[in-house]
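**Student:** need coordinates for the following:
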Amino acid sequence: MRHLLRPILLALVLAATPLALLPAASTPAHAESSKLDAILARGTIRVGLTGDYRPFSLLDKASGTFEGLDVDMAESLGRALGVKVELVPTTWGGLLGDLAADRFDLAMGGISVTLERQKTAFFSTPLVRTGKAAIARCTDKDRFDSLAAIDRPGVKVLANPGGTNERFDRANLKAAEIVMIPTNTAIFDALVAGKGDVMITDSVETRLQQKLHPQLCAIHPDRPFDFGELAYLLPRDAVLKAWIDQWLHVSQETGEYARLTAKWLQ
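**Tutor:** Okay, the predicted model is just below:
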């Protein structure tokens, strides 16, 4: 019976002991503040844009102003947060470094989701399904209807430095010559002028550029060479990512994202 009474006696002793004498329950330290908290406290959200990828973002160097689908989406984001929007110029090669250096809070503007980028950053919910496809002068489109047809000696493939277009070219082209053009916006004029034969970029961009340059034709944009998605690049902050994803969900369900997409893609 003695061993049965011990638990009962212990419970009675604990019940009679003043709370002040009991060991204090461990209390968790204050949770680390989120990037979202810093944005709200600052009253401004800083959005990184390369400014060279229609229809997502384009920088007018003369005036220093941006325009495009993701410029409009950035303004929508600012309104939803109740803060001002600061647009910060960046480059494709500098995206991850600028994010790590806290030069902006997130990057927008047609950013490809890659596992390599995911090692050090988060992505929002994907917004656009795409893949790499070719664009060439319409007179040459039948010459470049496959990756094998492009990857031949004497073929010049134009690419912009530092992004997924260059990485795709260097991974898949062994015989063709890769010609670097400093900015993405200059490539299509260079292609029209005959400074190269073909460019490989996101299929969504080939569709738009053939509208802007009647001399150019997108080649099988409905059957890209690979699978890809575009999203917003975020720091590794789960709270900020959850908020951005929810904002995007609301934007898509209310039709705002579709309305702005139609404005810039049609």
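
**Student:** show the subsequent helix or strand relative to the helix or strand harbouring Leu99.
**Tutor:** Secondary structure assigned from DSSP states H and E places Leu99 in helix 95-100. Next in sequence after helix 95-100, counting helices and strands by DSSP H and E, comes strand 106-112.

**Student:** low-confidence ranges in the chain?
**Tutor:** 1-32 (pLDDT under 70).

**Student:** buried ones in the helix holding Leu99, by neighbour count?
**Tutor:** Neighbour-count burial for helix 95-100, counted by 16 or more other Cβ atoms under 10 Å, picks out 95-96, 98-99. (Each C-beta comes from the backbone N, C-alpha and C, glycine too.)

**Student:** next: stretch 115-122.
**Tutor:** Buried-residue list, stretch 115-122, by 16+ other Cβ under 10 Å: 117, 121-122.

**Student:** can you tell me the closest non-neighbouring residue to Ala258?
**Tutor:** With Cβ to Cβ, 6 or more residues apart in numbering as the criterion, Ala258 has its nearest non-adjacent residue at 7.3 Å, and that residue is Gln252.

**Student:** that neighbour and Lys132, how far apart?
**Tutor:** Relative to Lys132, Gln252 is positioned 25 Å away (Cβ to Cβ, to the nearest Å).

**Student:** which one of these two has more residues nearby?
**Tutor:** Shown here are Gln252 and Lys132; by other Cβ atoms under 10 Å, Lys132 has more neighbours (23 against 14).

**Student:** pretty sure the more buried one contacts Gly228?
**Tutor:** Yes - using Cβ atoms under 8 Å, Lys132 is in contact with Gly228, at 6.7 Å.

**Student:** now do the shared contacts for those two.
**Tutor:** Common neighbours of Lys132 and Gly228, using Cβ atoms under 8 Å, 6 or more residues apart in numbering, are 164, 202.

**Student:** what is the burial count for Thr164?
**Tutor:** Neighbourhood size, Thr164 [other Cβ under 10 Å]: 20.

**Student:** for it, give me its contacts.
**Tutor:** Thr164 touches 92, 112, 114, 132, 228, counting by Cβ under 8 Å, 6+ apart.

**Student:** could you report the neighbour count for Ile45?
**Tutor:** Per other Cβ under 10 Å, the neighbour tally for Ile45 reads 23.

**Student:** wasn't it part of a strand?
**Tutor:** Yes - under DSSP: H, G, I helix; E, B strand; the rest coil, Ile45 falls within a strand.

**Student:** look up how far Leu99 lies from it.
**Tutor:** For Ile45, the distance to Leu99 (Cβ to Cβ) stands at 14 Å.

**Student:** hey, what's in contact with both of these two?
**Tutor:** In contact with both Ile45 and Leu99: Leu106, using Cβ under 8 Å, 6+ apart.

**Student:** domain-wise, how is this structure divided?
**Tutor:** Listed by automatic domain parsing, the domain ranges of the chain are 36-129+229-265, 132-219.

**Student:** what about the last one, start to end distance?
**Tutor:** Think domain 132-219. End-to-end distance for domain 132-219, by Cα to Cα, to the nearest Å: 10 Å.

**Student:** over to the longest one?
**Tutor:** Its first and final residues considered, domain 36-129+229-265 spans 31 Å by Cα to Cα.

**Student:** how far off centre is it?
**Tutor:** 7 Å (Cα atoms, centre = their mean, to the nearest Å).
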